[in-house]
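Participant: Sequence and predicted structure below; questions after.
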Amino acid sequence: MTGARELFDHIRSRRTQLGLAIRVTVAATAAYAIASALHLLLPLWAVLTSLIVTQMSVGRSLKATRDYMLGTIGGAVYGGAIAILIPYSSEAGLLGLLVLSVAPLAFIAAINPSLSAATVTAVIVLLVPTMHHADPLTSAIDRVSEVAVGAVTGLLVSFLVLPSRAVRQIRASAATLLELIADAFTELLAALTRGRDNDALHRIQDGIGTAMVNLNAIGAEAERERAARLSSGPDTGPLLRTVLRLRHDVVMIGRATVVPLPADVQTRLAAPLTEVSTVIARFLRSAAVALREGAGAPPIHPVHVALQHYAEAVAAVRHDGLIRGQPADTAERFFALGFSLEQMHQNLCDLDRVVGEWSEASSEKSARVAE
């Protein structure tokens with residue numbers, strides 16, 4: 001029983017990936033059935049196109065469909081024009097046309113990768129007539145028809161079969177990133193008293209970089225969905241900017257915590273630093289949970305209190321002259337840490353506001369569904 005529950009929980013945690021697998025299967029099957037019913041020359045291209053345009057989210061499917069259709073139409077027009085306007089009668093002539101077709105389109109695709117399908121399409125339009133004894137115009141029309149069937153099928157399946165919205169995915173992605181930032185923040189402040197675990201820190205920082213790239217990509221997909229009125233929700237810009245600024249805060253704190261504080265300063269600041277580390281990490285993780293579940297923003301008052309205690313401790317350290325006799329680089333890192341924490345404080349206030357907006361949007365959507 002326990003094993004079955006664990007298996008169910010594991011599958012549930014991968015429901016986004018499972019949904020994609022189901023959509024891809026349905027799209028490929030439907031594309032082949034439609035292409036066969038329409039007696040298209042090569043149903044294979046309809047199936048392959050449906051696989052390409054059926055993506056993780058509706059927003060990504062929209063972009064894939066647009067790019068693939070533009071590339072296909074452009075390649076079909078160019079390849080068909082080359083084949084019609086420059087007749088050939090030998091293998092050498094065909095080879096020359098192949099070079100003329102591939103070279104410029106490959107150059108364009110290198111500049112704009114979204115048009116990479118153009119090169120493949122031009123080659124197909126040029127070479128298929130030699131295998132099926134068809135004329136270039138018919139080949140171009142067949143190619144566009146096959147791709148259109150696959151693209152439309154894949155797009156409709158993305159809309160109708162277990163649709164996955166990027167707006168929902170951005171919640172999970174941002175939450176993961178906040179948890180990684182919390183881990184990095186805790187590790188960095190701990191370095192002020194015990195030194196760094198560089199291996200652990202590198203793993204965390206690498207994870208943050210990967211998660212940031214993923215978040216930006218999903219944010220672009222979410223805005224594409226919003227622009228097409230396929231999903232609703234808050235503007236993703238404030239959330240992405242706030243998380244990015246928190247990422248920058250962690251980088252700045254990392255530079256200020258290269259080496260531990262002097263022993264006498266450690267003694268004075270150990271307790272307030274521990275409070276700051278615990279409270280801010282807890283707030284970040286609670287904000288991550290709130291984003292995932294659409295719950296209300298966590299209370300930020302403990303963050304204000306912890307940073308106020310730290311500021312008071314820093315003022316006491318400065319008043320007692322514990323920084324005056326320190327090397328210049330140590331004093332610089334000491335003041336840089338205070339500045340970075342103040343910047344992070346402002347960005348945490350922004351995060352509190354943004355998470356609240358996303359929570360309110362989730363509550364409004366639930367209310368509309370209930371009505």
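Facilitator: Great, that's in hand. Numbers count the residues shown, from 1 in each chain.
Participant: What residues does the residue most central in space within the chain make contact with?
Facilitator: For the chain, the residue nearest the mean C-alpha position is residue 214 (2.5 Å; CA atoms, centre = their mean). When contacts are counted by CB atoms under 8 Å, 6 or more residues apart in numbering, residue 214 touches residue 173. No exception for glycine: its C-beta is placed from N, CA and C like everyone else's.
Participant: close enough to count as contact, residue 167 and residue 226?
Facilitator: Yes - the pair residue 167 / residue 226 is scored as a contact, 7.5 Å apart, by CB atoms under 8 Å.
Participant: more neighbours, these two?
Facilitator: When neighbours are counted by other CB atoms under 10 Å, residue 167 and residue 226 differ, and residue 167 comes out ahead with 25 against 19.
Participant: distance of that one from residue 359?
Facilitator: 14 Å (CB to CB, to the nearest Å).
Participant: hang on, the earlier thing: quick check: which element contains the residue nearest to the centre of the chain?
Facilitator: Per DSSP states H and E: residue 214 is located in helix 198-227.
Participant: try residue 87
Facilitator: Using DSSP H and E, residue 87 falls outside every helix and strand.
Participant: for residue 254, same thing?
Facilitator: Per DSSP H and E, residue 254 falls inside helix 236-256.
Participant: And stretch 85-92, how far out from the chain middle?
Facilitator: 47 Å (CA atoms, centre = their mean, to the nearest Å).
Participant: List the buried residues for the helix holding residue 214?
Facilitator: 201, 204-205, 207-208, 211-212, 215, 217-219, 221-226 (16 or more other CB atoms under 10 Å).
Participant: buried set for stretch 41-59?
Facilitator: Here stretch 41-59 shows 41-43, 45-59 as buried, counting by 16+ other CB under 10 Å.
Participant: before we move on, what about stretch 156-171?
Facilitator: Buried, per 16+ other CB under 10 Å, within stretch 156-171: 156-158, 161, 163-171.
Participant: Same check on stretch 74-86?
Facilitator: 74, 75, 76, 77, 78, 79, 80, 81, 82, 83.
Participant: Next, residue 40: secondary structure please.
Facilitator: Secondary structure assignment for residue 40 (DSSP: H, G, I helix; E, B strand; the rest coil): coil.
Participant: if I look at the closest residue to it other than its chain neighbours, how far off is residue 34?
Facilitator: Nearest non-adjacent residue to residue 40, counting by CB to CB, 6 or more residues apart in numbering: residue 146, 5.2 Å away. Distance, residue 146 to residue 34, by CB to CB: 10 Å.
Participant: where do the contact lists of these two overlap?
Facilitator: residue 46.
Participant: neighbour count winner among the two?
Facilitator: residue 146 (25 against 17).
Participant: Let me know the pLDDT of the more buried one.
Facilitator: In this model, residue 146 is scored at 91, pLDDT.
Participant: repeat for residue 266
Facilitator: 81.
Participant: And the one 5 residues further on, by the same measure?
Facilitator: In this prediction, residue 271 carries a pLDDT score of 89.
Participant: got the contact list for the residue lying farthest from the centre of the chain?
Facilitator: The outermost residue of the chain relative to its centre, with distances by CA atoms, centre = their mean, is residue 89 at 50.4 Å. By CB under 8 Å, 6+ apart, residue 89 lies in contact with nothing.
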